[in-house]
Structure formats: structure tokens, C-alpha cells
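Colleague: here is my input, please return the structure:
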Amino acid sequence: MTTPSTGCPELRGNPRTAEWAAQTALSRSAISGSVEKEFLLLLKLTSLLVASFMTLQCPARLALLGQQAPIEDGPSAEPAGNLYNQLPIDEADRATLRDAIRVRNYGRAEALLAEEIERNPKSQLLLTTVGSIFFRDGKYLNCAVAMKKAEALALLPHRDRFTLALSYIIMNHRDWARPELEGLAKADPRDPLYPYWLGRVDFDDMRYKAAEANLQKALNLDAKFMKAYDNLGLTYEALGQYDDATRIYQQAIVMNRSEQPPSPWPPLNLGTLLVKLGKLREGEAYLDESLKYDPHFPKAHYEMGVLFEKQDKDDQASKELLEAAKNDPTFPEPHYLLGRIYLRHGDKPKADVEWQTFQKLKQVSPKEHSH
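Modeller: Got it, this is the predicted structure:
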């Protein structure tokens, strides 16, 4: 990967300008305490990580992107017991770090490790540990920077390379994630997570036949991989193979009912397809199941609103759509359908407000994933 020289004005010019851009981008991710304290902490890391940061295409712009919900397949912030013992820190700091992570005080853990990295910048283990904590703290750009700095010291362990790939995916850079995942799949062909995530990357890139192949490969490695079934259902739906999609979604739903806790996504996906196919009563049952697992799930409330609107039950549709918008203020689609309902009832000013909100949110909303 080469350092970009054009296309991102924040990174053109002298190194001090680039470092300022990196500092600014990193400081936008909150750690804890006051903004000033947060900035000073990240400034310590930036002085160590800016060289690797510069290899990321336009990172200052990436910091402005909306971040998706944390990915469940990501690493635990809790280092394995033997890794705790291997960290080059004294026993008092080791105990402090362990306690901070146990109570999810990630800011305290990040601050401690930043100080240790300042003293020991050549420790890959310190960098990958803080990278994993950044990931769990939702600071995916910071995570990627830490992992790239660690990679400059030595080949990344599989766990950390996978964390880097997931960070790229969340930052909407599947083009960076793909080679990482392909390398992992080649190095460990028995792990179903790597073809699964390659399938998701393929799906997002609209390479649906490739997605099908990778998701089937994941299922060949793990026949009980519920999420692979669910995403394979999405792939068949995108290919227009609705019977296959329905069958696969149903398999995912059966497996999902045994999960603790069950995910709201598989019944949502089948319910959405059935509503699209005009099978409203069947679709409603699955949407109800989705909301049973997560009563505040914005997508399920939205799809229930779509269903009621198709049944000319505008009051019930509006209630569901308003609930969806309340539970996710960044979700554009409920506003579009609300506008259509308001216009049908002769309230053009309210319809215009909803459509303006829809257009504004549509410009900044990240791409949806199944889960």
C-alpha cells in the first residue's frame, strides 16, 4: 500500500501538516474524561504511529465516517492470561490494566498502554494489545493505526490481522480488508470465519456468485454457522433465487432460536423478503419474532411500518416508523415513508420535513450490514 500524494488535501505538504491531520483525526474518537485530556493521550500515540497512519488513504476523512455497530466476531479486549504475563510492564501496571479491562474502563487501559508504548515503542505486543482495546472501544481508526505500526515491527499473528481486517470493513474500506482476509484464509484454510467474511465483502461489492461460493465454503467448514446461513440467504435473495433464500433463512432461524441470546436479524431478513413477495401475514409473524428478540430494533420497526403501509393501516405504520426513527436517529428510510403517508393525508409541510430529513441522512448514513 503506498502513501497517497493526491486526493486528500489534509495529507499533502510537509510532515508537520500530515501529523496535525493525524492528531486531529485521532482526537475525534473519545477516550474518557475531558477533551483536552483525550487529545493529550492520543497525541502520545500519534507521535509513535503517524508513519503507519500515513499509509492509510486519507485517514482524516475516514475519521468523519459514521461507524457501524461493533462486530461480534471481533477480538476480546481481555488479553489471554499468558499475554498478560508477556506484556513488558511492571506488576502494578499489569494489575491496573487487568482491572480496567474487567470493568470496561477502556480509556484507563488505553492511557496506561500509551505511556508504556512511549517508553517501549518497539514492543509489538503492546501495540496489538492497545489495538484490540481500541477495537472493543469502537475506535476502529485508532485500532487500524496501532495494528499497522505493529505490523511494521513483525508479521502480525492471525488474531491481530483479523482485527485489522474487521477495522477496515467497519471503516468502509473492503478493498483493504480483502487481501488481509485472503491471506488469513490461505494461512488457515480450516477456519470458517475467513471465508465467511470474504463472502460478506463479496456481497457488499455486489459479487454475489463469489459471495455464495465463500459462504458455502464457510458452511462446509462449520455446518452450524448460523450467520453464514443468514448471509447466504441474503445472497440468494440478491440473486433473485427467492425459494433458495427462503429455505436458507428458515435454516438460519431454526439455529438462531437456540442461540443465547437469539439475534433479531434472521427473522427480520425472512420477514422482509416475505413482505416484498406480498406474503404479508407470514412476513408479520417473522417481524414479530425479530422484535421479540430486540423490542427496540429499528430495522424491524421500519419493516413492520412498510407492512402496515401496504395494508393501508397508516396510523399503525406511522407509529412503527416513528419508533424506528427514534431508536436510530441516523436511519433515513423511515422518514421517506412517513413523508409519503403524510402527503397522502394532505399534510405537505410535514411530508416535506420528513423528505428533507431523509435526504440529509442519506448523504451520511453508512452502508447496512445484515449483522
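
Colleague: low-confidence ranges, the stretch 1-150 of the chain, go.
Modeller: For the stretch 1-150 of the chain, applying pLDDT under 70 flags the ranges 1-81.

Colleague: you'd agree Ile170 is up against Tyr140?
Modeller: Yes. Using C-beta atoms under 8 Å, Ile170 makes contact with Tyr140 at a distance of 4.6 Å. Glycine gets a C-beta too; all of them are placed from N, C-alpha and C.

Colleague: so which of those two has more stuff around it?
Modeller: Neighbour totals were compared for Ile170 and Tyr140, and Tyr140 leads with 27 against 24 (other C-beta atoms under 10 Å).

Colleague: what about Gln359, neighbour count?
Modeller: Using other C-beta under 10 Å, Gln359 is surrounded by 12 other residues.

Colleague: is Glu110 in a helix, a strand, or coil?
Modeller: What DSSP: H, G, I helix; E, B strand; the rest coil gives for Glu110 is helix.

Colleague: Glu309 versus that one, what's the distance?
Modeller: Distance of Glu110 to Glu309, computed by C-beta to C-beta, to the nearest Å: 46 Å.

Colleague: before we move on, what about Tyr196?
Modeller: 35 Å.

Colleague: who's more crowded, these two?
Modeller: Using other C-beta under 10 Å as the criterion, Tyr196 and Glu309 rank with Tyr196 on top: 25 against 20.

Colleague: so how far is Thr128 from Glu237?
Modeller: Taken as C-beta to C-beta, the span from Glu237 to Thr128 is 38 Å.

Colleague: the two: which is more packed in?
Modeller: The neighbour comparison of Glu237 against Thr128 (other C-beta under 10 Å) goes to Thr128, with 27 against 21.

Colleague: element containing that one?
Modeller: Thr128 is located in helix 124-136, with elements delineated by DSSP states H and E.

Colleague: contacts made by that helix with the rest, please.
Modeller: If you take C-beta atoms under 8 Å, 6 or more residues apart in numbering as the criterion, helix 124-136 is touched by 45, 70, 74-77, 79, 83, 86-89, 101, 106, 109-110, 113-114, 116-117, 120, 140, 142-144, 146-147, 149-150, 153-154, 156-157, 160, 163-164, 166-167.

Colleague: again, but for stretch 260-271
Modeller: Contacts of stretch 260-271 (C-beta under 8 Å, 6+ apart): 226-227, 229-230, 233-234, 237, 246, 249-250, 252-253, 256, 283-287, 289-291, 293-294, 297, 299-300, 303, 370-371.

Colleague: keep only those of the residues you listed that are in helices.
Modeller: 226-227, 229-230, 233-234, 237, 246, 249-250, 252-253, 256, 283-287, 289-291, 293, 299-300, 303 (DSSP state H).

Colleague: write the PyMOL selection for whichever of the residues you listed are buried.
Modeller: Selection command for PyMOL covering only the buried members of the ones in helices among the contacts of stretch 260-271, criterion 16 or more other C-beta atoms under 10 Å:
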select buried, resi 226+227+229+230+233+234+237+246+249+250+252+253+256+283+284+286+287+289+290+291+293+299+300+303
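
Colleague: does Pro88 count as helix, strand or coil?
Modeller: Under three-state DSSP, Pro88 comes out as coil.

Colleague: in the stretch 251-371 of the chain, where is pLDDT below threshold?
Modeller: The model of the stretch 251-371 of the chain has pLDDT under 70 over residues 365-371.

Colleague: which stretches of it form helices?
Modeller: Taking DSSP state H, counting those that start in this stretch as the test, the helices found in the stretch 251-371 of the chain are 265-276, 280-293, 298-310, 314-327, 333-344, 348-364.

Colleague: tabulate these (CSV), appending distance to Trp176.
Modeller: Below are the helices of the stretch 251-371 of the chain laid out as CSV (distance: least, C-beta to C-beta, whole Å):
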stretch, distance to Trp176
helix 265-276, 25
helix 280-293, 32
helix 298-310, 27
helix 314-327, 31
helix 333-344, 28
helix 348-364, 21
